[in-house]
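Peer 1: the sequence and its predicted three-dimensional model are supplied below.
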Amino acid sequence: MIEVEGLTKRYGRTLAVDGLSFTVEPGRVTGFLGPNGAGKSTTMRMVLGLDRPSAGRVLVDGRPYAELTDPLRRVGALLEARAVHGGRSAYHHLLWLAQTNRIPVSRVGEVLEQVGLTAVKRKRVKGFSLGMNQRLGIAAALLGDPGVLLFDEPVNGLDPEGIVWLRTLLKDLAGQGRTVFVSSHLMSEMALTAEHLVVIGRGRLLADTTVERFIADNSRSFVRITTPDPARLRSVFAAEGIQVTDLEDGAEGGALAAHGVDARRASELVAAHGLVVHEIGLRQASLEEAFVRMTAAAVEFREGM
Ligand SMILES: Nc1ncnc2c1ncn2[C@@H]1O[C@H](COP(=O)(O)OP(=O)(O)OP(=O)(O)O)[C@@H](O)[C@H]1O
């Protein structure tokens, strides 16, 4: 478990993290979301004791990171731009990590297999693609078989197959009862991977909720209708108190959005008034849109202060 309590980090005049409090529970993937510069990496560095909080604290399994014995066997992390000695092979990099952290050498082969790097384990890391480097970073995080895992933007550099692989891996790790905390600026990817979300903007907590709840609270649905007679449809719907707006989604002749009504009621109205429609159906605003809306509002609020 990770407990973040009143966490604050100031770099000179920049308030990177501003009084954050949340808990990351074991047994599920928790997505850590926010736009660029929101303070995700800074928060993760403080969890790992790589940065000192200006105020507040972080506990990993009830203790500050610095007080953990055998930290790599407790907490595994993939941070952005991980520094790996380029002249070393993947195998030697992991072997060195294992030997300096009292981790059984047998784990090296196991994690190489787990991340799909066995075939290239003797190659020098400097010849690795970004995706292979990400896999090596993930292997290093898994090496000590830790109960708590942090991944900062792990999707970066992975191809579509790699993204699906990572999604499955993260879910499996959580399924084994581990605490899995994953940062991303991609809402849609997190919606497929995480069960719980912590959303921040400008260093402040915006949401701490389940993915299901986030979707229910933030996705706006509407009925999309295309018709050769938009003026008549508008007046029929207006008479029923239903708001209709234009949709600029590229449909020929334009499409309309009816709000606060379900598809069934909308079609009944259409039929009752003998309106001609070419298409009618329920649409949901994407989570990406909801996320942008939520974080943009936070930015405006801060700037208005
Ligand atoms: N070492 C540092 N010195 C000064 N300012 C910093 C430092 N590290 C981060 N910041 C600033 O703190 C803020 C938060 O940055 P951080 O990297 O934590 O955000 P992030 O959410 O991880 O964003 P990204 O997705 O772009 O990595 C930014 O304004 C950044 O410029």
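Peer 2: The structure has been received and is ready for your questions. Just so it is clear, the model here is predicted, and its values are computed rather than measured.

Peer 1: for the stretch 101-250 of the chain, what spans make up the strands?
Peer 2: Secondary structure of the stretch 101-250 of the chain by DSSP state E, counting those that start in this stretch: the strands cover 148-152, 179-184, 196-201, 204-210, 221-226, 243-247.

Peer 1: columns mean neighbour count on top of those, output as a markdown table?
Peer 2: Glycine gets a C-beta too; all of them are placed from N, C-alpha and C. Shown next, in a markdown table, are the strands of the stretch 101-250 of the chain (neighbours: other C-beta atoms under 10 Å):
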| stretch | mean neighbour count |
| --- | --- |
| strand 148-152 | 24 |
| strand 179-184 | 25 |
| strand 196-201 | 24 |
| strand 204-210 | 17 |
| strand 221-226 | 20 |
| strand 243-247 | 14 |
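
Peer 1: make TSV from those and add mean pLDDT to it.
Peer 2: Compiled in TSV, the strands of the stretch 101-250 of the chain are given as follows (pLDDT from 0 to 100):
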stretch	mean pLDDT
strand 148-152	96
strand 179-184	96
strand 196-201	94
strand 204-210	94
strand 221-226	92
strand 243-247	91
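
Peer 1: any chance of those in JSON lines with distance to the ligand as columns?
Peer 2: Below are those laid out as JSON lines (distance: least, C-beta to the nearest ligand atom, whole Å):
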{"stretch": "strand 148-152", "distance to the ligand": "7"}
{"stretch": "strand 179-184", "distance to the ligand": "7"}
{"stretch": "strand 196-201", "distance to the ligand": "7"}
{"stretch": "strand 204-210", "distance to the ligand": "12"}
{"stretch": "strand 221-226", "distance to the ligand": "30"}
{"stretch": "strand 243-247", "distance to the ligand": "32"}
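
Peer 1: same list (those strands) but as CSV, adding distance to E288.
Peer 2: Converted to CSV, those look like this (distance: least, C-beta to C-beta, whole Å):
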stretch, distance to E288
strand 148-152, 20
strand 179-184, 12
strand 196-201, 13
strand 204-210, 15
strand 221-226, 15
strand 243-247, 17
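
Peer 1: take stretch 18-31, keep the C-alpha atoms, and write them as CSV.
Peer 2: Output of stretch 18-31 as CSV, limited to C-alpha atoms (Å, rounded to 0.1, in the frame of the first residue of the first chain):
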residue,chain,number,x,y,z
ASP,A,18,0.2,21.0,-3.8
GLY,A,19,-1.2,19.2,-0.7
LEU,A,20,-1.9,15.8,-2.2
SER,A,21,-3.5,13.1,-0.2
PHE,A,22,-4.6,9.7,-1.5
THR,A,23,-4.1,6.0,-0.9
VAL,A,24,-3.0,3.4,-3.4
GLU,A,25,-4.5,0.0,-2.4
PRO,A,26,-3.1,-3.4,-3.2
GLY,A,27,-4.9,-5.9,-5.5
ARG,A,28,-5.9,-3.4,-8.2
VAL,A,29,-4.3,-1.2,-10.9
THR,A,30,-4.5,2.5,-9.9
GLY,A,31,-4.0,4.9,-12.8
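
Peer 1: for A81, give me the pLDDT.
Peer 2: On pLDDT, A81 comes in at 57.

Peer 1: remind me which residues of the protein are low pLDDT?
Peer 2: 81-83, 250, 253, 285, 297-305 (pLDDT under 70).

Peer 1: which residues of it lie near the ligand?
Peer 2: 11, 14, 16, 34, 36-42, 185 (C-beta under 6 Å from any ligand atom).

Peer 1: out of those residues, list just those in helices.
Peer 2: Among the residues of the chain next to the ligand, the members found in helices (DSSP state H) are 40-42.

Peer 1: by neighbours, which of those wins?
Peer 2: In terms of neighbour count, K40 stands highest of these at 24 neighbours, by other C-beta atoms under 10 Å.

Peer 1: how far away is it from Y11?
Peer 2: 15 Å (C-beta to C-beta, to the nearest Å).

Peer 1: likewise V148?
Peer 2: 26 Å.

Peer 1: nearest to the ligand: which residue in the stretch 201-305 of the chain?
Peer 2: G203 (6.8 Å; C-beta to the nearest ligand atom).

Peer 1: now do the stretch 51-200 of the chain
Peer 2: Closest point on the stretch 51-200 of the chain to the ligand, by C-beta to the nearest ligand atom, is H185, at 5.2 Å.

Peer 1: for that residue, what are its contacts?
Peer 2: Listed by C-beta atoms under 8 Å, 6 or more residues apart in numbering, the contact partners of H185 are 33-36, 38, 40, 153.
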